[in-house]
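Enquirer: here is my input, please return the structure:
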Amino acid sequence: MFDANKLAERLRNQPKVIDFSKFQQNNWIKKGAENNPTLKSIDANGGALWINPAGEIYFRRCSSEKPSKLANDKAKIVLSNFLDRSSVLLFKGTGTGENAIEPDIANNDIYMVMGRFTPFALNEFYEENGVTNRTSFKPSSYLQMHPGEFTETPTIKKLILHLCNYDEVHYQWVINWLAGFLQTLKTSDVALVLRGAEGTGKGLFMEQIIAPLFGEDFTVTVDDDRLNSHFKGWIGEKLFFNLNEIAHDGKTRRAVINFIKVLITDRLVQMEAKNKDAVATEIFGNILITSNEVSPLEISVTDRRFTVFQTAGNIKKAGWDTRAVVREIKSELTDFAVMLKSYKVDWALYDKALDTPAKRNIVQSTNDRYSLFLTAIKAKDLDYFHLQTEDISILEELGTIFNRGDISTQEITHLFNATHNDNDDAVPTRAIMKKMRGLDVNMFEQKEGKPVHGRKVMGERYFSIE
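Expert: As a prediction, this is how the structure comes out:
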């Protein structure tokens, strides 16, 4: 039965489509100073001028140029040169009495601007809570397009289908995911993981489709070294993150996967820059993870953050001419953007992780951590655990256990959660011990509540690892 209330609620919660064609670049002239002839000349020549709350002067010659911070005296020289004048009186006039000359630009003629990146303002200089801000975001030409008629894009479709191993359902998920973000820039709760051999077209997808659609300056491909660095300046002011060949060895796995989860689900992340304190940085980007590895990351059974697709094979071996593919993608991209703008997005699907065979394989591999943990305990393999953690107290505890020759239920729970659990919530003892008994019935065999191959001390069960 049709439920008008549910429909109304769904429409209210639907992300707002943004019309980026209305974006105004270079709207830097302060209200009330529009008739200042010097400011009008700067604007007519494509330049812009403002100050920050510290009184520092910022100038740029054109909207495509990054602004430069200038000292007052240098600013006068730069502006006079830019306007082809002998001089420009900036903030301070000259002479007294009848000979007094007012400054060309007074203190209150230009905006005092805070730098605050957002892709949601439709003006480069925008006001929020009484404060004038500037965003360095500039929508790509594709973001500025409108829904409408378009021609088919066979090469782009062929590439995305190839990345989905020619599964039509998976292809439609990718299109829905791209369309939802292109229309609204509302980040998805789900990262797309493309797992396939080298040369399957994963790089082409990022470099030739995603980067142009959302802007080269606002997309980034992050390798293992940058992802593992304490300094993650690449997070700020981006709309798309491509995490390529991320680390998943024991030593780095926990930190990397926990950080990726934060990147997907949180809107703020503490970002540390060199020689600076960590600051809260807003996250605006969707996430694409690409890898040649069979298990590029660990995914638990209950995790709903990842959609994983196994790609088809190497495109060159399949006879693709990659140079021709690049040319055809470029020629099709305008129609592809219009198609995405016109696409009726399924918003429930946009935030839904698909259950795929590739994902189930990774989940199964993740569950094998119980086996890896128990094998290392029984082998008294301290080197293995050193790869899982750098926590000296954990390693010392393991050394004591190995020397003693047995391990308690409590110690198993504590050590497993410290070294092999990548979830925020600790795995309970009952669940861990059920896995342990399933892996080695003899070691954890019990009779009348007591371990057969171990001991029981003050209610705590110990299991032999001799």
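Enquirer: can I assume Asp440 is in contact with Leu374?
Expert: Yes: Asp440 lies in contact with Leu374 (C-beta atoms under 8 Å); the separation is 6.4 Å. To be clear about C-beta, it is placed using only N, CA and C from the backbone, and glycine gets the same treatment.
Enquirer: the two: who's more crowded?
Expert: Leu374 (21 against 14; other C-beta atoms under 10 Å).
Enquirer: check which helix or strand covers the more buried one.
Expert: Assigned by DSSP states H and E, Leu374 belongs to helix 369-378.
Enquirer: what's that helix in contact with?
Expert: By C-beta atoms under 8 Å, 6 or more residues apart in numbering, the residues outside helix 369-378 that reach it are 298, 381, 384-385, 401, 407, 412, 415-416, 419-420, 432, 435-436, 439-440, 443, 465.
Enquirer: which residues of the stretch 351-466 of the chain fall in helices?
Expert: According to DSSP state H, counting those that start in this stretch, the stretch 351-466 of the chain carries its helices in the segments 357-367, 369-378, 382-388, 392-404, 409-419, 429-439.
Enquirer: so, low pLDDT: which residues of the stretch 101-250 of the chain?
Expert: Along the stretch 101-250 of the chain, segments meeting pLDDT under 70 span 247-250.
Enquirer: next: the stretch 251-400 of the chain.
Expert: Applying pLDDT under 70 to the stretch 251-400 of the chain flags residues 251-254, 273-277, 366-367.
Enquirer: now do the strands in it.
Expert: Secondary structure of the stretch 251-400 of the chain (DSSP state E, counting those that start in this stretch): strands at 268-271, 279-282, 286-291, 306-310.
Enquirer: of all those, which one is nearest Val17?
Expert: For the strands of the stretch 251-400 of the chain, the distance to Val17 is smallest for strand 286-291, at 16.4 Å, taking C-beta to C-beta.
Enquirer: who does that closest one touch, helix- and strand-wise?
Expert: strand 191-195, strand 240-244, helix 250-265 (3 or more C-beta pairs under 8 Å, 6 or more residues apart in numbering; DSSP states H and E).
Enquirer: for Asn417, which non-adjacent residue is spatially closest?
Expert: Nearest residue to Asn417, sequence neighbours excluded (C-beta to C-beta, 6 or more residues apart in numbering): Ala426, at 4.6 Å.
Enquirer: got it, and Phe336?
Expert: Nearest residue to Phe336 in three dimensions, chain neighbours excluded: Thr153, at 4.5 Å (C-beta to C-beta, 6+ apart).
Enquirer: separation between the one you found and Ile329?
Expert: 8 Å (C-beta to C-beta, to the nearest Å).
Enquirer: look up phi and psi at the residue of the chain positioned farthest from its centre.
Expert: Distance from the C-alpha centroid of the chain peaks at Glu98, with 61.2 Å (C-alpha atoms, centre = their mean). The phi/psi pair for Glu98 (degrees, to the nearest 10) reads phi -70, psi -20.
Enquirer: burial count for Leu122?
Expert: Counted with other C-beta under 10 Å, Leu122 comes out at 15.
Enquirer: I figured it hits Lys22, correct?
Expert: Yes: taking contacts as C-beta under 8 Å, Leu122 lies within contact range of Lys22: 5.1 Å.
Enquirer: buried ones in stretch 221-230?
Expert: By 16 or more other C-beta atoms under 10 Å, the buried positions in stretch 221-230 come out as 221-222, 224, 227-228.
Enquirer: ditto for stretch 378-396
Expert: By neighbour count with 16+ other C-beta under 10 Å, stretch 378-396 contains the buried residues 378, 380, 384-385, 388-389, 394-395.
Enquirer: again, but for stretch 28-48
Expert: Residues 28-30, 33, 36, 38-39, 41-43, 47-48 are the ones in stretch 28-48 that count as buried (16+ other C-beta under 10 Å).
Enquirer: nice, that's everything, thank you.
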